[in-house]
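Enquirer: Provided below are the primary sequence and the corresponding predicted coordinates.
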Amino acid sequence: IMSAASDDVDVDTMSIKALREFITSAGLKYTDCLEKSDLINRAKEAKILKSQKEVNSTPDFTKKTFAGYECTLSKNFGENDIDLVVILLHGFGATSDEFRFLHETGEKLCPQKKIAWVFPQAHQGSQGAAEWWQLDAMKWFGAAQQGEASLAALIREVPPGLNECRESLKQLISEVQSNLNGIGLEKLVLAGFSQGAMTAMDLALQLDVTIGGVIMLSGAPIVVDQWAESMKSHQGINVFISHGRNDPIMPYATSGWCHDLLKHGGAQVVRSEHAGGHEVGPTTMNALMTFLAER
């Protein structure tokens, strides 16, 4: 996962003062680190965050439009010997470039697989923010503040634009396949963060064929009655779920609901949690790449 610049940093040999400065330089805090070993672990998290920023500034990507979505593609997209293609959907109000670091992460932590990455950019919605379907941010925030009962009711609703999103992203998948020499859906992994995670899982359950896997990062279940019914046609689907225990945006409890719903429906679910908030925790990477290596 480290770029050349990050590789030069050896946190294990740093002094306590240097560790604190390095942690702070990455925008993290160390006030809860009681022992030097805690500082070293936090510094390793800082090292990963710094490397992500470095990777996101590299020119190893191209742009192409699929089904009306402008997509950022990894440098190996279009090559003949691709083992796996991952289509990753960003979160509400975000951009397609935020998770480009996963390409280099995959090359380093999952070298046995040649993975092509596709990062589509969602269209701007009525609220002026990029969204896959109409997400009422205040409604979700309010439900989260009111407690689990409000959230449980919300995830049973069908949000506006979801059906249209399903159709357009199905077309995107088809065009991606065509540009990868007709690669089979068993070699496709749909991934997403936050709203993108909900969308990825929902889309996987709308397809006629069970795909290689789904990655849900800081997401939640939606249209749960539809998901429960669709699971009957997708027994054994492989799903990776990761969530921060201190997520202030999407409560950690939603991760458990998603796990239970999918597991009860017959999915093979891997769950990985981290101590952070609404983010991809540094400790998630090894588990995520192991999941991809097994596809």
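Expert: Good, I have the coordinates.

Enquirer: all helices for the stretch 51-200 of the chain, in order.
Expert: Secondary structure of the stretch 51-200 of the chain (DSSP state H, counting those that start in this stretch): helices located at 101-109, 137-146, 148-154, 162-179, 195-206.

Enquirer: for the first one, packing partners?
Expert: Identification of packing neighbours for helix 101-109 by 3 or more Cβ pairs under 8 Å, 6 or more residues apart in numbering; DSSP states H and E yields helix 36-55, strand 84-89, strand 115-120, helix 284-293. C-beta coordinates here come from the backbone N, C-alpha and C atoms, glycine included.

Enquirer: Take the helices of the stretch 51-200 of the chain and lay them out in a markdown table including mean neighbour count, distance to Lys29 and mean pLDDT.
Expert: Below are the helices of the stretch 51-200 of the chain laid out as a markdown table (neighbours: other Cβ atoms under 10 Å; distance: least, Cβ to Cβ, whole Å; pLDDT from 0 to 100):
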| stretch | mean neighbour count | distance to Lys29 | mean pLDDT |
| --- | --- | --- | --- |
| helix 101-109 | 21 | 22 | 90 |
| helix 137-146 | 14 | 24 | 87 |
| helix 148-154 | 14 | 29 | 89 |
| helix 162-179 | 17 | 37 | 97 |
| helix 195-206 | 26 | 26 | 98 |
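
Enquirer: how about the helices and strands packed on helix 101-109 in JSON lines, adding mean pLDDT and mean neighbour count?
Expert: As requested, these are exported to JSON lines (pLDDT from 0 to 100; neighbours: other Cβ atoms under 10 Å):
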{"stretch": "helix 36-55", "mean pLDDT": "77", "mean neighbour count": "19"}
{"stretch": "strand 84-89", "mean pLDDT": "98", "mean neighbour count": "25"}
{"stretch": "strand 115-120", "mean pLDDT": "97", "mean neighbour count": "25"}
{"stretch": "helix 284-293", "mean pLDDT": "95", "mean neighbour count": "19"}
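
Enquirer: Of all these, which one is nearest Phe101?
Expert: Phe101 sits nearest to helix 36-55 of all these, at 4.0 Å, using Cβ to Cβ.

Enquirer: Bridged to Thr72, which residues?
Expert: Lys63, Phe119 (DSSP bridges).

Enquirer: Let me see the residues that make contact with stretch 144-161.
Expert: For stretch 144-161, the external contacting residues (Cβ atoms under 8 Å, 6 or more residues apart in numbering) are 125, 131-136, 139-140, 142-143, 220-226, 249-251, 253-254, 257.

Enquirer: 6 Å instead, please
Expert: Contacts to stretch 144-161, defined as Cβ atoms under 6 Å, 6 or more residues apart in numbering, come from residues 133-134, 143, 221-224, 251, 253.

Enquirer: returning to that earlier point: nearest approach to His243 belongs to which of the helices of the stretch 51-200 of the chain?
Expert: The closest approach between His243 and any of the helices of the stretch 51-200 of the chain, judged by Cβ to Cβ, belongs to helix 195-206 at 9.3 Å.
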